[in-house]
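[1] the following comprises the amino acid sequence and a computationally predicted model.
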Amino acid sequence: AQKITQTQPGMFVQEKEAVTLDCTYDTSDQSYGLFWYKQPSSGEMIFLIYQGSYDEQNATEGRYSLNFQKARKSANLVISASQLGDSAMYFCAMREGSQGGSEKLVFGKGTKLTVNP
Amino acid sequence: ETGVTQTPRHLVMGMTNKKSLKCEQHLGHNAMYWYKQSAKKPLELMFVYSLEERVENNSVPSRFSPECPNSSHLFLHLHTLQPEDSALYLCASSRQSGRLTDTQYFGPGTRLTVL
């Protein structure tokens, strides 16, 4: 079974509008961390935002916020006021905390976001 | 800030060649990682080094050989590769490995084509 599922292969949004990118995860651990990365066509993976499983509030970083619904095991990324430079692949990733921590960051297949002018 | 750099950015090699990928991090981190990103597949962790010791080898074929001479540099030595090894190879670093909150910072990647 996939640990991270991103069901939207591609998304389109108008400039200045908000967009939500979906991510669901599968784990039996109580401690885990969720990450979102952005990958422009240049290839570099850019860290955007982190949410810990015990964090009571949704994480926010500038125009990025994470809609964390623990019971549903979802960690959707919300980008507000989209800009043309937001066009990229977006990856959701998880690290599980069992056995004293894990080296492994498991990634989803990604969502390609296109921002239209 | 040029946190993590990788060279070369593009590499074309034959199946009998030997080449090396280089990664350097300028963030003062103690852990470094190699990932493989193939088309239409999730990013796959290959190797993890913590304080210059290999702590994870994710069932990677022996034709890929990592080397970490110090905490700032990481190499991936390549020999006798197959066409299916063509992919984007990404290097990452983090403050230390194994912590839940530890964020990995990536380099721009090396686009490898094996003919």
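    Structure received.

[2] can we go C-alpha only for contacts and neighbour counts from here?
    Noted.

[3] spatially nearest residue to B:Tyr33, not counting backbone neighbours?
    Closest residue to B:Tyr33 apart from its sequence neighbours, by CA to CA, 6 or more residues apart in numbering or on different chains: B:Val48 at 4.6 Å.

[4] what does chain A put close to chain B?
    Within chain A, the positions adjacent to chain B are A:31-33, A:42-47, A:50, A:52, A:95-97, A:100-110 by CA under 8 Å from any CA of the partner chain.

[5] pull the helix or strand with minimum mean pLDDT from chain A.
    Every helix and strand of chain A was ranked by mean pLDDT, DSSP states H and E. The lowest is strand A:106-107, at a mean of 92.

[6] ends of stretch A:22-31, what's the gap?
    Using CA to CA, to the nearest Å, one end of stretch A:22-31 lies 21 Å from the other.

[7] what about the residue of chain B found nearest chain A, neighbour count?
    Nearest residue of chain B to chain A, counting by CA to the nearest CA: B:Pro108, 3.9 Å away. B:Pro108 has 23 neighbours, counted by other CA atoms under 10 Å in any protein chain shown.

[8] so which residue is dead centre in chain B?
    When CA atoms, centre = their mean is applied to chain B, the residue found nearest the centroid is B:Trp34 (2.7 Å).

[9] looking at chain A, which residue is nearest chain B?
    A:Glu44 (3.9 Å).

[10] and the residue of chain B closest to chain A, that's in a helix?
    No. Counting by DSSP: H, G, I helix; E, B strand; the rest coil, B:Pro108 falls outside a helix, being coil.

[11] show the model's pLDDT score for the closest residue to it other than its chain neighbours.
    Spatial nearest neighbour of B:Pro108, chain neighbours left out: A:Glu44 (3.9 Å); criterion: CA to CA, 6+ apart. For A:Glu44, the pLDDT comes out at 89.
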